[in-house]
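# When you get a sec, could you give me coordinates for this:
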Amino acid sequence: MNISKAKRALRGEMNAGTAALEALRRGRVALGRRSERAHLAKLTREPARLTREFANMPAADLLAHFRTRNSPQFFAGFTEIDHTIALQHQLFPNETTRLINDATAIVERHCWSLLGFGERCFGRTEIDWNRDPLSGFDWPRAYHAEIKLIRRDGSDVRVLWELNRLAHLITLGRAYVLTNEQKFSAEFFGQLAGWRTQNPVGSTVNWSCAMELALRTMNLLGAFLLFRQAPQMNGEKLKDLLRMFDQHGAHIKRNLEFSHIATSNHYLCDVTGLLWIGVMLPELQHAREWRDFGLREMLAEMDKQILADGADYEASTGYHRLKVELFLYSFILCHINGIDIEERYWDKLRSMLDYVRTCLRPDGRAPLIGDSDSGQAFPIVRRSGDDHAYVLALGAGIFQQSHFKIKGLRLPEEVLWILGAQGVREFESLPGDEIPDSKAFAEAGVYVLRNDDLYLLFNAGGVGVNGRGSHGHNDALSIEVSACGKAFIVDPGSYVYTADLHERHLFRSTAYHSTVEIDRIEQNSIDESTPFVIGDEASPRVLRCEFSRDVDIVAAEHNGYGRLPAPVAHRRVVQLDKRKRFWKVLDALQGEGEHNFRFLFVFAPDVEPVLRADGVVQVCDKMRGAKLFLALLNRDERLKLVSQWASSEYGARSTTMAAAWSVQAHAPLIVRWAIVPVCKNDDEALRLELIEQLRRETGEIRFGVFGASAMA
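Numbers count the residues shown, from 1 in each chain. Model (predicted):
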């Protein structure tokens, strides 16, 4: 590939040197794939490449070695199994019953939960590892690099890949050690044999993405340790497993998802998988090479992908959770095996956890900024896409910081299985943390305004990956609002990727987010046919950020509408009044010409909005008896309630309502809003009087260095 072709193939600006390096890399990849394709049959037949010490060892001796070895170490809950069994039954009786029932369903019906689609079944007699479990599409048996992944026929490779990550084998393994029932171990070995038969090296879609191989390998390593004492494990099955690990490691190394332009969660998963194989299987010839390469590249990616304030540079809280897991579990694995990691990387991991803690809403759930595919690394328990609190519990145990222990949060099972009995004791000895203060994450462009049970997240971030995007949405200057322990205004989430390109387009569009749309164009250019490409026209910037005892205020603007024939800049100012417990939002649309301005506030699916006679939108949470009032202050027009979708889990969506207001008007235009919560002990009449008072107040609103500077 020549330099100009490389520059056309990759969006965004790049210098000639970078383009040349990328062209050379792509050329090497093409040559490597020709060689790989020519040798697929040999790669499938080839046994595991073991070190000299183990290559000629009799199968029985090799099995005895793996059953009795004390080094390398794995997570404490997997190795101190007697303590784990006792504490699992003692601390998690209901979860244990559910776990065993889930494992039984895997054995008897080949059914288990998959992402947000609920329980799915994957074949009565034998699991079909290449059939899309939703559309029924049978993915072709062909060379992995030539399989078309976006098909426009309802199939979704992301869903098939989730099935083939084999995370359910950890469920089988946990049930096996808790019950010692052989049906679970028999199912484990049977499924692995079927998987290998249906997926020869490099010849199905399950070899198309190195990230998927890495996550599958990590899950298999955990399951292997749980089943290594099973009676069904013999020398031949052990050799088959070692061959599978070696094939996965070699394929990942041949097909790394690296680019000189930008790397993402994919490449981070690739190198993390190599690190885990290298640490846990030193018996393989290439283990040390993979371990050293994986560790070096993983830390380099932490430097590259994690911003100075601890946020993921992909502009996605969902992928931030995945990366926290990757770094957290890998750092623990290295630590218990005497592999040194510099303190500055532990500090950065701590800052990643702090980002999770601050952004977590008072209801314990995470706002789903940008894409979220509900992906997890090494899922001991399957968590929904907006459940991020369990990683904080692990952080509390590791760093011994009560800041990461959410008050009232029950001990997650992950603490037992990752940190063991000692980790449980240390976690339980920590006091629960109080609600964090307001905080600015300037690098990420995320600002959290908090006070007691009041929470507002102001998203002034860009599309991510240094402006190249992929998992960012058109959500500049959008907000999330929680009060009285309940989320009222939310981000709509992601729903699906390639299964429905139109829905994918809607969920990342400006029109779906709690911000301002002008003339029905997007803040950043996006196209339905390219679901992971997004422009960087908006480029938000923060103009003012001040936090004080009584008032927090943040002002920001973006220029996504600068490409209109009559350009408009959107400036939004958000203010939290801590004494009177409400927010003011000011939208200033600065420019010229007549435009259609559409303002939207998306409500959570489980609240009930109604439009009152006085024009105020009243949003009710009947479970808590709480309400939120949304009022347009300086205009006579009434808002409308419109229906749309929201999603907190990949593949699942719920109908919800949004408050919308459209106006045909000339710029400049100033619009003011009040968001007033009514919690259990509040006087509703007084809260409504506050809104009327705000409507009566007058003051000169002028454009200044902070946008519309007066909040009166």
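
# tell me, what residue is most central in this protein?
residue 318 (1.9 Å; CA atoms, centre = their mean).

# I figured it hits residue 376, correct?
No: between residue 318 and residue 376 there is no contact under CB atoms under 8 Å: 10.2 Å. Quick note: C-beta positions are derived from backbone N, CA and C, even for glycine.

# ok, and the closest non-adjacent residue to the residue nearest to the centre of the chain?
residue 372 (2.7 Å; CB to CB, 6 or more residues apart in numbering).

# How much space separates the nearest residue to residue 406 once chain neighbours are set aside from residue 353?
Once flanking residues are discounted, residue 406 sits nearest to residue 389: 5.8 Å by CB to CB, 6+ apart. Residue 389 sits 11 Å away from residue 353, going by CB to CB, to the nearest Å.

# With neighbour numbers in mind, choose between those two.
residue 353 (24 against 20; other CB atoms under 10 Å).

# ok, the more buried one - contacts?
For residue 353, the contact set (CB atoms under 8 Å, 6 or more residues apart in numbering) comprises 310, 324, 328, 391-392, 395, 399, 404.

# My read is that residue 184 contacts residue 175, right?
Yes: look at residue 184 against residue 175 with CB under 8 Å: they come within range, at 5.1 Å.

# immediately after the top helix by length along the chain, which helix or strand?
Longest helix in the chain, counting residues (DSSP state H): helix 16-38. Following helix 16-38 in sequence order, the next helix or strand is helix 40-45 (DSSP states H and E).

# Would you mind writing the CA trace of that next one as PDB?
What follows is helix 40-45, C-alpha atoms only, in PDB (Å, rounded to 0.1, in the frame of the first residue of the first chain):
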ATOM      1  CA  LEU A  40      -3.500 -23.100   8.100                       C
ATOM      2  CA  ALA A  41      -3.800 -26.900   8.000                       C
ATOM      3  CA  LYS A  42      -0.300 -27.300   9.500                       C
ATOM      4  CA  LEU A  43      -1.100 -24.700  12.200                       C
ATOM      5  CA  THR A  44      -4.200 -26.600  13.100                       C
ATOM      6  CA  ARG A  45      -2.400 -30.000  13.400                       C
END
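
# Please list the outside residues in contact with that helix.
Applying CB under 8 Å, 6+ apart, the set of residues contacting helix 40-45 is 36, 143, 200-203, 247, 250-251.

# cutoff 10 Å now
36, 143-144, 196, 199-203, 207, 243, 247, 250-251, 254 (CB atoms under 10 Å, 6 or more residues apart in numbering).

# now the strands for the stretch 351-500 of the chain?
In the stretch 351-500 of the chain, the strands defined using DSSP state E, counting those that start in this stretch lie at 439-441, 446-451, 454-459, 478-483, 486-489.

# Identify the bridge partners of residue 631.
residue 674 (DSSP bridges).

# Next up, the contacts around it.
Counting by CB under 10 Å, 6+ apart, residue 631 has contacts 582, 612, 614-618, 639, 672-676, 688, 690-692, 694-695.

# what do residue 389 and residue 353 both touch?
residue 404.

# For residue 570, what are phi and psi?
The phi/psi pair for residue 570 (degrees, to the nearest 10) reads phi -100, psi 120.

# Any figure for the gap between it and residue 358?
25 Å.

# Which one of those two is surrounded by more residues?
Taking neighbours as other CB under 10 Å, residue 570 and residue 358 compare with residue 570 leading, 27 against 20.

# pLDDT weak spots in the protein?
1-13, 698-712 (pLDDT under 70).

# what domains does the record give for it?
1-38, 440-708 (automatic domain parsing).

# now the residue nearest to residue 143 when sequence neighbours are not counted: how far from residue 30?
Nearest residue to residue 143, sequence neighbours excluded (CB to CB, 6+ apart): residue 37, at 5.3 Å. Distance of residue 37 to residue 30, given as CB to CB: 11 Å.

# Quick check: neighbours shared by these two?
Joint contacts of residue 37 and residue 30 (CB under 10 Å, 6+ apart) are residue 145.

# got the CA positions of stretch 575-582 in PDB?
Taking Å, rounded to 0.1, in the frame of the first residue of the first chain, the C-alpha atoms of stretch 575-582 are listed here in PDB:
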ATOM      1  CA  GLN A 575     -25.000  25.900  37.600                       C
ATOM      2  CA  LEU A 576     -25.800  23.900  40.800                       C
ATOM      3  CA  ASP A 577     -27.200  26.000  43.600                       C
ATOM      4  CA  LYS A 578     -26.300  23.800  46.600                       C
ATOM      5  CA  ARG A 579     -28.300  25.800  49.200                       C
ATOM      6  CA  LYS A 580     -31.600  25.900  47.300                       C
ATOM      7  CA  ARG A 581     -30.900  22.500  45.700                       C
ATOM      8  CA  PHE A 582     -31.600  23.000  42.000                       C
END
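
# If we go by neighbour counts, what in that stretch is buried?
575-578, 581-582 (16 or more other CB atoms under 10 Å).

# need those in JSON lines with distance to residue 509, can you?
JSON lines is the format used below for those (distance: CB to CB, whole Å):
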{"residue": "575", "distance to residue 509": "27"}
{"residue": "576", "distance to residue 509": "28"}
{"residue": "577", "distance to residue 509": "32"}
{"residue": "578", "distance to residue 509": "34"}
{"residue": "581", "distance to residue 509": "33"}
{"residue": "582", "distance to residue 509": "29"}
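
# what's the farthest-apart pair in those residues?
Within these, 575 and 581 form the most distant pair, 12.4 Å apart (CB to CB).

# hmm, back to that, I'd like to know which of the buried residues of stretch 575-582 are part of strands.
When the buried residues of stretch 575-582 are checked against strands (DSSP state E), the matches are 575-577, 582.
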